[in-house]
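Trainee: give me coordinates for this.
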Amino acid sequence: MTDNIPLQPVRHKKRHDNKRRDGCCPWSRCCGGGDFRPRTVWLGHPEKREQRYPRNVINNQKYNFFTFLPGVLFNQFKYFFNLYFLLLACSQFVNELRLGALYTYWVPLGFVLIITIVREAVEEMRCFLRDKEVNSQIYSKLSTRGTVVGVVIYTGKELRSVMNTSNPRHKIGLFDLEVNCLTKILFGALVVVSLVMVALQHFAGRWYLQIFRFLLLFSNIVPISLRVNLDMGKMVYSWMIKKDSKIPGTGVRASTIPEQLGRISYLLTDKTGTLTQNEMVFRRLHLGTVAYGMDSMDEVQSHVFSAYTQVFPGFPASRAPGATKVRKTISSRVHEAVKAIALVHNVTPAYESNGVTDQAEAEQHYEDTCRVYQASSPDEVSLVQWTESVGLTLVGRDQSSMQLRTPSGQILTFTILQIFPFTYESKRMGIIVRDESTGEITFYLKGADVVMAGIVQYNDWLEEECGNMAREGLRVLVVAKKSLTEEQYQDFEARYVQAKLSVHDRSLKVATVIESLEMEMELLCLTGVEDQLQADVRPTLEILRNAGIKVWMLTGDKLETATCTAKNAHLVTRNQDIHVFRPVTTRSEAHLELNAFRRKHDCALVISGDSLEVCLKFYEYEFMELACQCPAVVCCRCAPTQKAQIVRLLQERTGKLTCAVGDGGNDVSMIQEADCGVGVEGKEGKQASLAADFSITQFKHLGRLLMVHGRNSYKRSAALSQFVIHRSLCISTMQAVFSSVFYFASVPLYQGFLIIGYSTIYTMFPVFSLVLDKDVKSEVAMLYPELYKDLLKGRPLSFKTFLLWVLISIYQGSIIMYGALLLFESEFVHIVAISFTSLILTELLMVALTVQTWHWLMIVAELLSLACYIASLVFLHEFIDLYFITTLSFVWKVTAITLVSCLPLYILKYLRRRFSPPSYSKLTS
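Mentor: Numbers count the residues shown, from 1 in each chain. Okay, here's the model as predicted:
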C-alpha cells in the first residue's frame, strides 16, 4: 500500500540586506536539502523506500563537520579588518616589501584566528551537547510510554514548525560594524600618510614600491590587536552574564554580540509563558444564565454530587422523578458541562511510584497521590484538574477508551470512537464517545469563540460573555455537544473513512465530512482559565520603558485577552489611551482606519493579525511610521511568520536594534530574526532558548541583562576599542615623525620583539583590564534606567569620540618622538631607549586616566606590565643600551617627556569633571 503526500514548504521572502543578514557560510545551500517533492510512503515495506529523509532531531548548530573551518574563515575574512591583515602578512613573502621577520606579522594574525576558531568551536560543541540532551529527553519520554504505534511522515527539516523558522545565522553586531567602519577610516589615513611621504620625496625612483613599504611601515595605524581584544572582551562579558547570581540560569548562546544588549530600542515579546507563567488556573464556568467563579465552585461540586447520587439505578439524581424543575435544569446543565469538559481533551493520566505504592498497583487502583496529567497544552491540564476538584476525575485513558470516576467512586467507561485534534487552522478540537453504561453516542466540541459562534445553535449571550471574560484576562473556550444515533454515527464513520483514504485533496475532504457534524450543536458552557503574570513583570516593563525601550507584545491570543494582559502588566500605563484598530479587509477600510489612527496622539495601539496583514499589504510605510510613534503596540492573533515580519520591518524602517523574547517554538522565527534574541526556558520546552542568542529563566531577568550587562558590555567595548586604536596611533605617529626627520626613509623605528611586545606583554594586560571598568554600580544602573537611554544615541563610540582619541594620539606620539630627538645626545640607540620607555609609561598612565572604577586586577595588571618591561630590558641589549638606562640622564629625560605627554590630559579631565560632569557622576558621588 502506498500513499503520495505532497510536501509544501513555507516560502520566505528573499533578503536584500546581505550586509547584516548573511547565513553561516556561502556553502549553506549545498548543506541543506534541495527542492521538496511529493513523498511516497510504503506501509510495511521499508525496503522499497526510494530516498532518504531528514533525521527527526533538533539541530540548532550553525555549521557541520565539513563547513566549520571554511565557514569560520569566510566569516572572518569577508570583513575588511581581517582581510587587510591577511594581505599584509602575505606581502612579507615578497622580498622587496619585507620590513622585518615574518613572525612579526603572522604570529599576531594566527593568534587572532586561533582565538576565533576556538571560541566558535566551543560554542558549536555546547550547542551540539544541548541539542543532544533535548533529543535524548524526547526519546526517553517516547520509549518509556510503552508501545507506540504510528507513522511519521514529516521529519527533521521538513517539519512544518522547522520550515516556518529560518536557519541559524551568524549575527554581526552593530558595534562590530561600527568598528569595521572606523578601521576603514584608519586605512584611508594610512594610505594618505604613505602617499604624503612618497610625495615629499618627489616620487623619486621606484616610488610605487616605496608606497607599499610605507603602507607596511605604518600598518600599525590599523591595529590587529583590536579584533582579538574585542573578542576576548566578549568572552569575559559572556562569562560575567552566566556567573551573575542575581539572574541564575541565564545562558549565552552567541558570545559575539553582548554589546547589542546595551543599545536595544525595540523589545518584542510573546505573552503566554513569557510575560505570563503559562500555568493555567480555572477561574470561571459560564452557562449563560448563571456563572460560577472561584468563590462558588462548591455549588458546582454540589450539583455534580447530586447528579451522581443514584435515586434509581442507572439514573442521575437530576433525572429522578419528583425533582423540582429548576433544580433539575441547573443540575443537569452543570452536570453536562462538567462531563463534557472531562471528556473533550487529549490529556492522559499517568501513574508513578511514590515510594509506598509501585507504578503497577497505582495504575490498577487509580491512586490519586500517584497520578499526574500529561498533555501538550497546560490549558487542557487545568480543565481536567478542575473537573477532578469538583468531583469528576479522569483516572484512565488509552487509545480506545477513557475512564471517569464519579464522586461516589463509580467508574464510568467511555469508548473513544473518533478524535479530532486541535490545529491552528481549525482552532477547535472534538471527540466522539460512547457511554458504555447507556450506549449513548455523543459528539463533544470545544474551541475559540470566533469559530464556535457559527457552529452552535443561535443564542443571545455567547459573544457578549466571551468579550466580558476576555476583558478580565481569561482565556475563553466554548464547549458544545451533539447527540448522535447509531445510524447517524455509522453514516458519518463510513464517509469519514472514505475521505481519509482519498489520494487527492484528502485534508479538504476530511474537513468537509467533519464539518457536516458541526452544525446546530447545543451550547453547553464557556470556560475561563487565567494565565497569571510572572513575578516582577510590571516593574521590569517600567524599567524598560524608562530606559527608552518601546515594548511590542505579539501574541496569538484574542484581542480582548491580549488587551487585558497589556493593562494588567502595565505595558499600557493607566493614563494612556488605547486605540483598538478596527478589523479591516480592504484597502479603503485600511485607509480610513489609518487616518483615524493618525489623529490620535500618545496612545497605545492594539491590532489583530488579519488587519495588520491588510495594512502591510497596502500601506506598509504609513502604518510602520505611525506604529513606531506609539509608546506600546499589541498585535493579537499573530502568526509565527508575522512575528518575524514585524521584527524585520522595524529593523528596515527605523534602523534601530531590536530584541525579541519568547518561550515557545512559534517564537523561534522572531527570535532568530531580531538583532538580539532572548529565549525563556518555560513549560513549552527549550526550543526557543536553544535557538536564541541568550536564554533566561524568568522575564524579570531581562531588566538586569540589559540595564547592567548590556550597558557595561557596550561602554567597556567602546572604551577598549578606542584605547587600542590610541595605542596603535601613538606608535604610528612616532614612526611618521621619525621617518620625516630622517629624510622620509622607510625604515622602522622599532624592530623585532619591541614592536610585538609593545602591543602584548607591555601594555596588553592594563588595556584589557578596561573590560572590568564601570561608571556606576549595578544597583544604581537598575535604579536609574535613564542611564541606558544615553547609550541609544551611540555616544560612547562615535566619530566625535574617535576624533578626540586620534588628536590625543597624535599629540602624545609627537611629544614623545620630538622630545626623544631633542634630548638625546650622541647615539641613535638612545632615541629608541628614551622614546620606547616614555611610550610604555604613557600608555600605563593613560589607562589609569581612563579608568572610572578601580578593580584590584587593574592595579595588578599595571604593576605586572611595568615589571615585565623592566625585567625584559636585560634581553633587549640589541635594541637598548643597558648602561644608558641606568643613568640619571635617562631617568629625568623619560620623566620629563612622560609628564609633558600626560599631565595636560589629566588637567583637562579634572576641569571637565569639575565644570561639565557626565550624567552618571552625580549618582556615584
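Trainee: residues contacting Y818?
Mentor: By C-beta atoms under 8 Å, 6 or more residues apart in numbering, the contact set of Y818 is V737. Any C-beta I mention is one placed from the backbone N, CA and C, and that applies to glycine too.
Trainee: do you know the pLDDT at it?
Mentor: Per-residue confidence (pLDDT) for Y818: 91.
Trainee: which element, helix or strand, includes the nearest residue to M402 once chain neighbours are set aside?
Mentor: Nearest non-adjacent residue to M402, counting by C-beta to C-beta, 6 or more residues apart in numbering: F414, 4.8 Å away. Assigned by DSSP states H and E, F414 falls within strand 411-420.
Trainee: tally of neighbours for F753?
Mentor: When neighbours are counted by other C-beta atoms under 10 Å, F753 registers 18.
Trainee: kindly report the same for M553.
Mentor: M553 has 28 neighbouring residues, counting by other C-beta under 10 Å.
Trainee: is it true that it lies in a helix?
Mentor: No. Read with DSSP: H, G, I helix; E, B strand; the rest coil, M553 is strand and lies in no helix.
Trainee: rewinding a little: avg pLDDT for the strand holding F414?
Mentor: Averaging pLDDT along strand 411-420 gives 93.
Trainee: ok but R434 is inside a strand, no?
Mentor: Yes. Counting by three-state DSSP, R434 is part of a strand.
Trainee: for it, list the residues it contacts.
Mentor: Residues in contact with R434 (C-beta under 8 Å, 6+ apart) are 414-415, 417, 440-441.
Trainee: which strand residues bridge it?
Mentor: The partner list for R434 in beta bridges (DSSP bridges) reads T415, I441.
Trainee: measure it to E440 for me?
Mentor: Counting by C-beta to C-beta, to the nearest Å, the separation of R434 from E440 is 7 Å.
Trainee: about what we covered before: separation between the residue nearest to M402 and K567?
Mentor: Distance, F414 to K567, by C-beta to C-beta: 41 Å.
Trainee: try V347
Mentor: In terms of C-beta to C-beta, V347 sits 32 Å off from K567.
Trainee: swap in A480?
Mentor: Going from A480 to K567 by C-beta to C-beta gives 30 Å.
Trainee: same question for L844.
Mentor: 56 Å.
Trainee: same drill for these two, tell me which one is more crowded.
Mentor: Neighbours were counted for L844 and for K567 using other C-beta under 10 Å; L844 has more, 22 against 18.
Trainee: for the more buried one, give me phi and psi.
Mentor: Main-chain dihedrals, L844, degrees, to the nearest 10: phi -60, psi -40.
Trainee: pretty sure it is touching M764, no?
Mentor: No. Here L844 lies out of contact with M764, judged by C-beta atoms under 8 Å, at a distance of 11.6 Å.
Trainee: where do the contact lists of those two overlap?
Mentor: By C-beta under 8 Å, 6+ apart, L844 and M764 have these common neighbours: S865.
Trainee: so I808 belongs to a helix, correct?
Mentor: Yes. Under three-state DSSP, I808 sits within a helix.
Trainee: OK, contacts around it?
Mentor: I808 is in contact with 726, 905, counting by C-beta under 8 Å, 6+ apart.
Trainee: quick one, grab the pLDDT at it.
Mentor: pLDDT, I808: 94.
Trainee: so what's the residue lying closest to D244 once chain neighbours are set aside up against?
Mentor: Among residues not flanking D244 along the chain, T250 sits closest, at 6.7 Å (C-beta to C-beta, 6+ apart). The contact partners of T250, taken as C-beta under 8 Å, 6+ apart, are 241-242, 244, 694-697, 701, 705.
Trainee: can you put those residues in TSV and add neighbour count and secondary structure?
Mentor: Formatted as TSV, these follow (neighbours: other C-beta atoms under 10 Å; DSSP: H, G, I helix; E, B strand; the rest coil):
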residue	neighbour count	secondary structure
I241	24	helix
K242	15	helix
D244	16	coil
F694	30	strand
S695	23	strand
I696	25	strand
T697	15	coil
H701	22	helix
L705	21	helix
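Trainee: out of the residues you listed, who's nearest Q651?
Mentor: Nearest to Q651 out of these is F694 (C-beta to C-beta; 18.2 Å).
Trainee: any idea how far the closest one lies from S245?
Mentor: From F694 across to S245, the span is 17 Å (C-beta to C-beta).
Trainee: tally of neighbours for A448?
Mentor: Neighbours of A448 using other C-beta under 10 Å come to 19.
Trainee: and the residue nearest the centre of the chain?
Mentor: The geometric centre of the chain, computed from its C-alpha atoms, lies nearest to G677 (C-alpha atoms, centre = their mean), at 1.6 Å.
Trainee: longest single helix anywhere in the protein?
Mentor: helix 103-143 (DSSP state H).
Trainee: what packs against that one?
Mentor: Secondary-structure packing of helix 103-143 (3 or more C-beta pairs under 8 Å, 6 or more residues apart in numbering; DSSP states H and E): helix 68-77, helix 80-91, helix 225-243, helix 687-691, helix 753-759.
Trainee: what does the fourth one contact?
Mentor: Spelled out, that is helix 687-691. The contact list for helix 687-691 (C-beta under 8 Å, 6+ apart) reads 58, 60, 127, 130-131, 134, 165, 168, 251, 253, 662-665, 667-668, 671-672, 677, 679-682, 695.
Trainee: just the buried ones from those?
Mentor: Burial by neighbour count, judged by 16 or more other C-beta atoms under 10 Å, picks out 58, 60, 127, 130-131, 134, 165, 168, 251, 253, 662-665, 667-668, 671-672, 677, 679-682, 695 from the contacts of helix 687-691.
Trainee: okay, how far is it across stretch 625-639, tip to tip?
Mentor: Stretch 625-639 has an end-to-end distance of 22 Å (C-alpha to C-alpha, to the nearest Å).
Trainee: gap between the two ends of stretch 563-579?
Mentor: 11 Å.
Trainee: just stretch 565-580 next, same as before
Mentor: The straight-line separation of the ends of stretch 565-580 (C-alpha to C-alpha) is 14 Å.
Trainee: from memory L706 sits against A547, does it?
Mentor: Yes. Between L706 and A547 a contact is recorded at 7.2 Å, counting by C-beta under 8 Å.
Trainee: thank you, goodbye.
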